[in-house]
Each structure stands twice: as C-alpha cells, then as structure tokens.
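Asker: have a look at this fold, sequence not included:
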DNA sequence: TTAAAAATAATAATGATTCTTATTTTTGAT
DNA sequence: ATCAAAAATAAGAATCATTATTATTTTTAA
C-alpha cells in the first residue's frame, strides 16, 4: 500500500539540496541550505522529507558521523569511506564485496558499505595504541577469541 | 600525556561483559549484564568505562544500529556485517579492502569496515524500491551524477 | 468550488550519550 | 596501618539529534 504523495515545494528543495552536493550532508546542513530560499521551512520538515525520499528510494543513508546521520542523493551502488577525524565522506569506486565467504546468505546493500579510517588530508597514518598505564595491565592482554 | 588509571572492579566487569559475547553489544546491554553482579553500578559508569577502554585500545566501536553504538572486544582486524532489519552484527572473515583504487591516501581502520544489508534470518533478499506514486514523478529520474 | 487527504510549523517528547558535582575508592608515600 | 592526592563513582542534569503531536495550511481530485 504505497502512500499517496502530494506535490511539495519544500520536499523538492530538500531533495535538490542533497543532489546538489557531493558532501553527503546531514539534516542540519540540508536545513541551512534550504532555509534562505524557503525561509519558513522547519527542521522537522527536512527530517520528514528525508524520510519520505528514503522510502521512495530517492535518497540513501550513508552512515552516522559524530552522531549525525548522513545522506546521499546518488542511489546507484557505490561504497563510501568515512574519515573519523574530520567527518568527511568520500565515494569509493570499487567492486561490491559479494564474494566474501562469510557473507553468504547476507544480502549486502551495495549502497551501504562503509570503510572507516583517516583521510589523506587528516594524516592518514595509523594511530599508535600502545601506551603504558599504571594499574591497567590486568585488563590488557588476551585479545581476540579466547 | 597518558592519563594514569587506577584499578576499578566496575571497569573490569564492563570489559569482561563485552569480551564474553559475540553479539557486539551496546551500552545498555552491557549495563544490564553487569548490573546483577555489581548492583550499584550506574549507566554513566558503563559509558565512561567504554570510553576509557576505547582509548586504551581494548574495545572498538563497530557501528551504530538503531541510534545505538555497538562495541567489540575483539580488536584484531576484521570486518562486520550489520543487518538493518534485526540489528544483528556478524563478524566477516575476509581481506581488507586496501586495494581499492579510490582509497589511496585513506588509512582504512581494518576493524571498522561495515557491510550493511539484510541477514539470512531476516530474508536476505533485496527490497523492491520501484513503486508508483501520484505526483511524485517530477522528483524521480535523473539519478546518479548529473 | 469544495471537501478530503497530505503537508507543514511549532513545539513537545524521546532516547542515547555526555557533563557536573559531591562522595567514595584507590594508590603511593609515610 | 595512616593519610592525602588522584582517580572513579552515583545521581541526576544537560545536550543533541531525531521523532511525535497537533492545530493550521496546501494540494488535489471531483
């Protein structure tokens, strides 16, 4: 039972805003983008229209960065790399990981494969987790499966 | 400047709870797990100790499901598959995606590659996004990069 | 033109997470 | 063991993204 939709200038503007950028924006960015053009739009309307457009397959969720959900107007299958330092999200051209043996029976959403890490601009080298801590040794050690 | 740590029975219990399961739990699950053994523990303490253990590299964040962050006590490199329907998180054995051309310069955190999709138990077949909507055609079409 | 359905603004509510503060534990040195 | 400084904690307030509610305005089909 597909819900009937009416025309809405604000929904059009929300979708246009997401489609206008490659930054994979969140709700607040979209709101601030549309606000100058349609000053009486409310943040709730942005959220509601994001939801509607997702239901229609016009938008896809990319992931959550800093507790904020980010979206993509390009719904063709592709992957994403998310920098956990600056929060930027980049498109990744590459093959879908369908071949992975332990994914058998799992229907991968090819629009939602995410590589987290540090982007080139932010340094891109691994963090060094090895430190010394007083009184902490008893918790370390024995990583991995027993 | 590594902060000095003192021993804490509660921190030990939090870490033990995460290490005791393969379900990749969230804060609330950990809290409910530890609560019977240490009845005066508070949820805030769970959150704080998750944070501390992450700083020490003893725990890793796996991703966010239903607005809840999920963790893993196995910090050796491996990937995860997350079912967006039931919220279950499975380990994925497979190669790291370092070879992807568009990831050059991006330091992938090999503990944080996530495949979203539908698990076998939940159906595992693709959703059909193609529907008809009244008054919505003007928003559809022209997917992908202009 | 009109009435039902859909969309909206304003605002309240929710829920996960973080912060604050007074109190309790831990620890190293005595 | 004692003591004081540093660290950890409980309780609850605060934050912040997101969702729900409700009265009002738009859209649409007849």
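Answerer: Ah, there it is. None of these values were measured; they are calculated from a predicted model. Residues are numbered from 1 along each chain as shown, chains lettered A, B, ... in the order given.

Asker: so what does the least confident helix or strand in chain A by mean pLDDT touch, helix or strand wise?
Answerer: Lowest by mean pLDDT, DSSP states H and E among the helices and strands of chain A is strand A:107-118, with a mean of 88. The contact analysis (3 or more Cβ pairs under 8 Å, 6 or more residues apart in numbering or on different chains; DSSP states H and E) places strand A:107-118 against strand A:60-65, strand A:79-83, strand B:107-118. (Glycine included, C-beta is placed from N, CA and C.)

Asker: mind doing that once more with 10 Å?
Answerer: strand A:60-65, strand A:79-83, strand A:89-92, strand B:60-65, strand B:79-83, strand B:107-118 (3 or more Cβ pairs under 10 Å, 6 or more residues apart in numbering or on different chains; DSSP states H and E).

Asker: mind putting the ones you listed in CSV, distance to DNA strand D and mean neighbour count included?
Answerer: Below are the helices and strands packed on strand A:107-118 laid out as CSV (distance: least, Cβ to the nearest atom of the strand, whole Å; neighbours: other Cβ atoms under 10 Å in any protein chain shown):
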stretch, distance to DNA strand D, mean neighbour count
strand A:60-65, 7, 20
strand A:79-83, 14, 24
strand A:89-92, 14, 19
strand B:60-65, 10, 20
strand B:79-83, 17, 24
strand B:107-118, 16, 21
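
Asker: as a markdown table, these with distance to DNA strand C would be great.
Answerer: Below are those laid out as a markdown table (distance: least, Cβ to the nearest atom of the strand, whole Å):
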| stretch | distance to DNA strand C |
| --- | --- |
| strand A:60-65 | 10 |
| strand A:79-83 | 17 |
| strand A:89-92 | 20 |
| strand B:60-65 | 7 |
| strand B:79-83 | 14 |
| strand B:107-118 | 15 |
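
Asker: tell me the residues of chain A that contact DNA strand D?
Answerer: Taking Cβ under 7 Å from any atom of the strand, the part of chain A that reaches DNA strand D is made up of A:6-9, A:26-28, A:43-44, A:47, A:51, A:64, A:67-69.

Asker: now intersect those residues with the strands, please.
Answerer: Among the residues of chain A next to DNA strand D, the residues falling in strands (DSSP state E) are A:64, A:68-69.

Asker: any chance of a markdown table for the residues you listed, columns pLDDT and distance to residue A:81?
Answerer: As requested, these are arranged in a markdown table below (pLDDT from 0 to 100; distance: Cβ to Cβ, whole Å):
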| residue | pLDDT | distance to residue A:81 |
| --- | --- | --- |
| A:64 | 92 | 15 |
| A:68 | 96 | 17 |
| A:69 | 97 | 17 |
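
Asker: from the residues you listed, pick the one nearest residue B:74.
Answerer: Of all these, residue B:74 sits closest to residue A:64, with 21.6 Å by Cβ to Cβ.

Asker: right, and that closest one touches residue A:82 too?
Answerer: Yes - using Cβ atoms under 10 Å, residue A:64 is in contact with residue A:82, at 9.0 Å.

Asker: residue ranges in chain A under the pLDDT threshold?
Answerer: Applying pLDDT under 70 to chain A picks out residues A:1-3, A:95-102, A:124-146.

Asker: break it down into its structural domains.
Answerer: Domain assignment for chain A by automatic domain parsing gives A:8-74, A:77-98+A:105-146.

Asker: can you say which of the ones you listed is packed in most?
Answerer: Sort these by mean neighbour count, taking mean count of other Cβ atoms under 10 Å in any protein chain shown, and domain A:8-74 sits at the top with a mean of 17.

Asker: I figured residue A:67 hits residue B:64, correct?
Answerer: Yes - assessed by Cβ under 10 Å, residue A:67 is found in contact with residue B:64 at 8.2 Å.

Asker: the top helix by length along chain A packs against which elements?
Answerer: For chain A, the helix that runs over the most residues, judged by DSSP state H, is helix A:43-55. Helix A:43-55 sits against helix A:9-19, helix A:27-34, strand A:60-65, strand A:68-72, with contacts defined as 3+ Cβ pairs under 10 Å, 6+ apart.

Asker: 6 Å instead?
Answerer: helix A:9-19, helix A:27-34 (3 or more Cβ pairs under 6 Å, 6 or more residues apart in numbering or on different chains; DSSP states H and E).

Asker: right, and DNA strand D sits closest to which residue of chain A?
Answerer: residue A:7 (2.8 Å; Cβ to the nearest atom of the strand).

Asker: dump the residue contacts of residue A:87.
Answerer: A:65-66 (Cβ atoms under 6 Å, 6 or more residues apart in numbering or on different chains).

Asker: just confirm it is within a helix.
Answerer: No - checked against DSSP: H, G, I helix; E, B strand; the rest coil, residue A:87 lies outside a helix; its state is coil.
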